[in-house]
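Peer 1: My questions concern the predicted model and sequence given below.
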Amino acid sequence: MNVLFLTVFVGLILVGFAIAFFAFTRRSSASSSPERDSLMPLEDEKVVRPGSSRRGE
């Protein structure tokens, strides 16, 4: 019977962690969308235009 109580206790702790993690991810991604997230790797790219002078030359 003690094993049953231990299993329920550990299960409730795991459920609590899952709910807390879900709430954290939902709160942190409130201003995010799949379209915006897919473009994030391209944010830091710099466009080099033809005819522009390069630094160091």
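Peer 2: Yes, it's here.
Peer 1: CA atoms only: put the lowest-mean-pLDDT helix or strand in the chain into PDB for me.
Peer 2: When each helix and strand of the chain is scored by mean pLDDT, DSSP states H and E, helix 34-39 comes last, with a mean of 76. Listed next in PDB are the C-alpha coordinates belonging to helix 34-39 (Å, rounded to 0.1, in the frame of the first residue of the first chain):
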ATOM      1  CA  PRO A  34       5.000  30.300 -36.400                       C
ATOM      2  CA  GLU A  35       5.600  32.800 -39.300                       C
ATOM      3  CA  ARG A  36       7.700  35.100 -37.200                       C
ATOM      4  CA  ASP A  37       9.700  32.200 -35.700                       C
ATOM      5  CA  SER A  38      10.400  30.700 -39.100                       C
ATOM      6  CA  LEU A  39      12.000  34.000 -40.200                       C
END
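Peer 1: For burial, what's the neighbour tally of residue 13?
Peer 2: The number of residues packed near residue 13 is 10, by other CB atoms under 10 Å. C-beta here means a position set from N, CA and C on the backbone, and glycine is covered the same way.
Peer 1: which helices and strands sit right next to the helix or strand residue 25 falls within?
Peer 2: Taking DSSP states H and E as the definition, residue 25 sits inside helix 2-28. Helix 2-28 sits against no helix or strand, with contacts defined as 3 or more CB pairs under 8 Å, 6 or more residues apart in numbering; DSSP states H and E.
Peer 1: chain center to that helix: distance?
Peer 2: Here helix 2-28 shows a centroid-to-chain-centroid distance of 20 Å under the convention CA atoms, centre = their mean, to the nearest Å.
Peer 1: Having no further points to raise, I will conclude here.
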